[in-house]
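Enquirer: Structure, please.
(one chain, ligands or ions: 2)
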Amino acid sequence: MKAVESEVHDAHFTVDKQNISLWPREPPPKTGPYLVLGRCLTVRAAVVLLTLVLVSSALNALGPSPRPADPWFMGTMSDVKTSAQLLQGRVDNISTLSSEIKRNSGGVEAAGVQVRMVNASLDHVRSQIQRLEISVKEADARLQKLTSSWEEVDKLNAQIPELKRDLDKASALNAKVWDLQSGLGNISKMLKQQNDILQMMSQGWKYFRGNVYYFSVMKKTWYSAQQFCVSRESHLTSVTSESEQEFLYKMTDGLIYWIGLTKAGSEWDWHWVDDTPFDKLQSARFWIPGEPNNSENNEHCANIKRSSLRSWNDAPCDIELLFICKRPYVPSEP
Ligand code: MMA
Ligand code: CA
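Expert: Numbering: from 1, shown residues only. Ligands and ions are numbered 1, 2, ... in the order given. Below you'll find the model as predicted:
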């Protein structure tokens, strides 16, 4: 702000008719036409008055009309008087003009004050213009930056199709990777399942179509055998298909094993101890011909007695036999 103030003091201009001119330094000296005219008129008036005084005193020195009758002299005197009166009139005019000039000079001074005010305003306007110029330059610089940015954007836009193609390729690859990963995941699960199965097989369990079977090495009554199976999260086995029946009788190899079929309970009908519904019609083909005969009215539990499709016999529940436990194979979580 101080810089602006100092600039205000240094700024100058002149007013000439309708034109306003800015000056870098000092305006021309104040020797206006009014002052020059005023001085000139004053000097002339003084000279005329002095001449009149001199002429009149010269006339008085000649004495009271030495030759009053001289017509040339009288004429001359008359001319001189007339001239003096004329001059007196002019002097009066001049003094009137002088007072007018004085009045006008006051107006000129007022105009000067206004001119100085206008000068100050113009200085202010000029500083504002300078600031505007700076702003315009800054805006121009920003515009240039934006233009170059746009050019960059254009270049990047041009790269978009290629990038899109790359993205498509990457997506395709990603899908393949996903497939491979899920494949690996499946393989991993299968390996885990196989590991579980191997572990159970090492403990004597046999895997068949989603179930594992334990063929005992110790003999127990039907009910004790069922309790043993329950302690191993299983039940005495049920038989629900010909293939399962085939698997079981081939594993028994002629030895007698309890299975989970019994009449013991509230109904006194054959039923599976693991709650699988007993299909009497479908199961008829698995009994040894002539069985179940409920010998001595005391045979309420079933076993696999022969290594053949028709292998079941009913027998007393309290005799001790080998037995087969069965439980669904549920893969453990990885
Ligand atoms: C044994 C016994 C029965 C079976 C007959 C078949 C003598 O009893 O195993 O359950 O039905 O044999 O002959
Ligand atoms: Ca029988």
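Enquirer: Just the endpoints, please. Distance across stretch 292-305?
Expert: 12 Å (C-alpha to C-alpha, to the nearest Å).
Enquirer: hmm, it in reach of ligand 2?
Expert: Yes - judged by C-beta under 5 Å from the ion, stretch 292-305 comes into contact with ligand 2 at 293, 295, 299. Yep, even glycine has a C-beta here, placed from its N, CA and C like the rest.
Enquirer: which of those lies closest to Lys189?
Expert: Glu299 (45.3 Å; C-beta to C-beta).
Enquirer: Now the closest residue to the closest one other than its chain neighbours: phi and psi?
Expert: Excluding its sequence neighbours, the residue lying closest to Glu299 (C-beta to C-beta, 6 or more residues apart in numbering) is Asp314, at 3.8 Å. Here is the backbone geometry of Asp314 (degrees, to the nearest 10): phi -90, psi 140.
Enquirer: Tell me, how many residues neighbour Asp314?
Expert: Using other C-beta atoms under 10 Å, Asp314 has 23 neighbouring residues.
Enquirer: try the one 3 residues further on
Expert: The burial metric for Cys317, expressed as a neighbour count using other C-beta under 10 Å, is 19.
Enquirer: which SS class is it?
Expert: coil (DSSP: H, G, I helix; E, B strand; the rest coil).
Enquirer: Now do the contacts for it.
Expert: By C-beta atoms under 8 Å, 6 or more residues apart in numbering, Cys317 lies in contact with 221-223, 262, 264, 300-301.
Enquirer: Just the ones in strands from these, please.
Expert: Within the contacts of Cys317, residues falling in strands by DSSP state E are 262, 301.
Enquirer: quick check, nearest of the contacts of Cys317 to Asp154?
Expert: Among the contacts of Cys317, and counting by C-beta to C-beta, the member closest to Asp154 is Thr262, at 86.6 Å.
Enquirer: what residues are up against the nearest residue to the closest one once chain neighbours are set aside?
Expert: In space, and not counting its chain neighbours, Thr262 is closest to Cys301: 4.8 Å by C-beta to C-beta, 6+ apart. Cys301 is in contact with 222, 258, 261-264, 314-317, counting by C-beta under 8 Å, 6+ apart.
Enquirer: By neighbour count, which of the residues you listed wins?
Expert: Trp258 (31 neighbours).
Enquirer: For it, list each beta-bridge partner.
Expert: Asn303, Phe323 (DSSP bridges).
Enquirer: Helices along the stretch 101-250 of the chain, start to end?
Expert: Secondary structure of the stretch 101-250 of the chain by DSSP state H, counting those that start in this stretch: the helices cover 222-231, 242-252.
Enquirer: burial count for Ser287?
Expert: I think there's a mix-up here, since residue 287 is Trp and not Ser. 16.
Enquirer: Make 740 the first number, not 1, from now on.
Expert: That works, and once the first residue is 740, the last one we named lands at Trp1026.
Enquirer: Name the nearest residue to it, sequence neighbours excluded.
Expert: Trp1051 (4.6 Å).
Enquirer: Can you report phi and psi for the one you found?
Expert: Taking degrees, to the nearest 10 as the convention, Trp1051 sits at phi -80, psi 140.
Enquirer: Okay, it and ligand 1: tell me how far apart.
Expert: According to C-beta to the nearest ligand atom, to the nearest Å, Trp1051 stands 10 Å off from ligand 1.
Enquirer: By proximity to ligand 2, which residue of the stretch 790-939 of the chain wins?
Expert: Using C-beta to the ion, the single residue of the stretch 790-939 of the chain nearest to ligand 2 is Met939, 32.9 Å away.
Enquirer: Verify the contact between that residue and Tyr952 for me.
Expert: No - Met939 sits out of contact with Tyr952 when judged by C-beta atoms under 8 Å, with a separation of 9.8 Å.
Enquirer: quick one: which of these two has more around it?
Expert: For the pair Met939 and Tyr952, the greater number of neighbours falls to Tyr952 (20 against 17), based on other C-beta under 10 Å.
Enquirer: What distance do you get for that one to His974?
Expert: 11 Å (C-beta to C-beta, to the nearest Å).
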